[in-house]
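# build me a model from this:
(one chain, ligands or ions: 1)
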Amino acid sequence: MNDDDQSDRRKYEFRKVIEELTEYSGSGTQLVSIYVPSDRQISDIVAHVTQEHSEASNIKSKQTRTAVQDALTSIKDRLRYYDNPPENGMVLFSGAIDAGGGQTDMVTKVLEHPPQPIESFIYHCDSAFLTEPLEEMLGDKGLFGLIVLDRREANVGWLKGKRVEPVKSASSLVPGKQRKGGQSAQRFARLRLEAIDNFYQEVAEMADDLFVPKRHEMDGVLVGGPSPTKDEFLDGEYLHHELQDLVLGKFDVSYTDESGLSDLVDAASDVLAETEMMKDKSQMDEFFKELHQGELATYGFESTRQNLMMGAVDRLLLSEDLRQDVVTYVCENDHEQREVIDRRKNTPDHECEQCGDVVTAEAATREDIIEHLIDIAEQRGTETKLISTDFEEGEQLMNAFGGIAGILRYSTGI
Ligand SMILES: [Zn+2]
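As a prediction, the model looks like this:
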């Protein structure tokens, strides 16, 4: 399994939990969300929760007070299972949610292994769970190299998903435009150009050192700065030629310190969204090409699953909009059958197609369809790609092919 599969899977599991959490609402401020970075001590968090618990005794409404205190107690109970926060931190949600008909249900969820590290501690108590920081992590995927520069300073870093990571900086000794008295104008201009050239070389070396080892995993390089610096830097081809080929564009950015890296990402948002979509689109283009002219396309739950089981699927293409479960029934004669049902529907009983034995809902196993397929894919060394519906072919995957397709390693005739 490569990192990409792992992150796709985690992101999927997260997306699902987030969707579930955003559907809940509580009355008043009684839903508690706590974001814990990995470097926080669990004892600190417990102390914080204990403090909030005692402060909650001042809440006037008895119902809200009880609900908040119950939520905090439940979170404290969960925290007891941890000596330290897991890698990347964790998020805890707890509260009495509106269950309809004036009833409430107590819900507590712990999310470990977020797709990106939790950056700061958040304690949040509101009528809804706080899910935005997690949603942000699910935005763009990918790895991009960032360079911002003017003639005075430069910063390079990474964009990993939505997260900007500054890595190295340099500042130049390029003299200002004003020459000192006694220097000839010509000599001054030449020295200045030399200094600029040296600085561009230094920036390129810094970028090369960081990016070249990762160039095969990278989705692109973004360059930002004022004009004409960034243009000179790119036109002069200072970067390693393979990085030069990865440049997605140059962008106007006023600051070239660490904050400039974030400005660069903002300025490039359209290009980043496009790049992301292009990755999905190239998968779908390959699928359609095989479907129309080749033999290596499969689609629909049953066929794709069979091919997966045989180890014949190279890439599994699943729509991000799939909201289905698969129910597996095993009858008294050991016939195994599956039904795909909408996530919101109850599990139906099932009559075995081979022997007529009825398997009740209670005796069936129900699973999220994407998790079910990713599990098989992982065992067979198949890559999984979650495809958005933000472009035409992605929408077709969902609407015309049931959200499930694959590109095969070899033709199976299934
Ligand atoms: Zn049967």
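# hey, let's count contacts and neighbours off CA atoms from now on
Fine.
# from the chain's centroid, how far away is whichever strand or helix holds E242?
In the assignment (DSSP states H and E), E242 maps to helix 241-246. The chain centre lies 26 Å from the centre of helix 241-246; the measure is Cα atoms, centre = their mean, to the nearest Å.
# cool, stretch 155-168 as well?
On the basis of Cα atoms, centre = their mean, stretch 155-168 sits 15 Å off its chain's mean C-alpha point.
# so what touches it?
Under the contact criterion Cα atoms under 8 Å, 6 or more residues apart in numbering, stretch 155-168 has outside partners 136-149, 169-170, 206-207, 256-258, 260-262, 265.
# spit out the contact partners of the residue nearest to the spatial centre of the chain.
Centroid check for the chain by Cα atoms, centre = their mean gives L138 as the closest residue, at 3.2 Å. For L138, the contacting residues are 11, 15, 115, 161-162, by Cα under 8 Å, 6+ apart.
# re earlier: report the buried members of the contacts of stretch 155-168.
Buried members of the contacts of stretch 155-168, scored by 16 or more other Cα atoms under 10 Å, are 137-138, 140-149, 169, 206-207, 256-258, 260-262, 265.
# looking at the residues you listed, which are in strands?
Those of the buried ones among the contacts of stretch 155-168 mapping onto strands are 143-149, 169, per DSSP state E.
# list the buried residues of the helix or strand harbouring D197.
Assigned by DSSP H and E, D197 belongs to helix 185-211. For helix 185-211, the buried set under the neighbour-count rule, 16+ other Cα under 10 Å, comprises 188, 192, 195-197, 199-208, 210-211.
# which secondary structure elements does it contact?
Counting contacts by 3 or more Cα pairs under 8 Å, 6 or more residues apart in numbering; DSSP states H and E, helix 185-211 is packed against strand 153-160, strand 163-171.
# got the angle between that helix and strand 163-171?
Using axes from the mean of the first three to the mean of the last three Cα atoms, to 10 degrees, the direction of helix 185-211 lies 150 degrees away from that of strand 163-171.
# between helix 185-211 and strand 143-149, how big is the angle?
Interaxial angle of helix 185-211 relative to strand 143-149 (the same axes, to 10 degrees): 160 degrees.
# CA atoms of whatever helix or strand comes next after helix 185-211 as PDB?
Note on helix 185-211: by DSSP H and E, the next helix or strand toward the C-terminus is strand 220-225. What follows is strand 220-225, C-alpha atoms only, in PDB (Å, rounded to 0.1, in the frame of the first residue of the first chain):
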ATOM      1  CA  GLY A 220       4.000  20.900  -9.300                       C
ATOM      2  CA  VAL A 221       6.100  23.900  -8.300                       C
ATOM      3  CA  LEU A 222       4.600  27.400  -7.700                       C
ATOM      4  CA  VAL A 223       6.700  30.500  -7.900                       C
ATOM      5  CA  GLY A 224       5.700  33.800  -6.400                       C
ATOM      6  CA  GLY A 225       7.100  37.300  -5.900                       C
END
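# just how off-centre is the helix or strand encompassing L291 within its chain?
Per DSSP H and E: L291 is located in helix 269-293. Distance of helix 269-293 from its chain centroid, counting by Cα atoms, centre = their mean, is 18 Å.
# helices or strands up against whichever helix or strand comes after it?
As assigned by DSSP H and E, the chain's next helix or strand after helix 269-293 is strand 297-299. Helices and strands touching strand 297-299, by 3+ Cα pairs under 8 Å, 6+ apart, are helix 269-293, strand 404-408.
# distance of P37 from the ion?
51 Å (Cα to the ion, to the nearest Å).
# quick one, phi psi at that residue?
phi -70, psi 160 (degrees, to the nearest 10).
# for the lowest-mean-pLDDT helix or strand in the chain, C-alpha coordinates in CSV please.
Least confident element among the helices and strands of the chain, by mean pLDDT, DSSP states H and E: helix 3-23 (a mean of 72). C-alpha atoms of helix 3-23 as CSV (Å, rounded to 0.1, in the frame of the first residue of the first chain):
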residue,chain,number,x,y,z
ASP,A,3,0.9,6.6,1.0
ASP,A,4,-1.6,7.8,-1.5
ASP,A,5,-4.0,4.9,-0.8
GLN,A,6,-3.5,5.4,2.9
SER,A,7,-4.4,9.0,2.7
ASP,A,8,-7.4,8.3,0.3
ARG,A,9,-8.7,5.8,2.8
ARG,A,10,-8.2,8.0,5.8
LYS,A,11,-9.7,10.9,4.0
TYR,A,12,-12.7,8.8,3.1
GLU,A,13,-13.2,7.6,6.6
PHE,A,14,-12.9,11.2,7.8
ARG,A,15,-15.3,12.6,5.3
LYS,A,16,-17.8,10.1,6.4
VAL,A,17,-17.5,10.9,10.1
ILE,A,18,-17.6,14.6,9.3
GLU,A,19,-20.8,14.3,7.3
GLU,A,20,-22.3,12.4,10.2
LEU,A,21,-21.1,15.0,12.7
THR,A,22,-22.4,18.0,10.8
GLU,A,23,-25.9,16.5,10.7
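# thanks a lot, see you next time.
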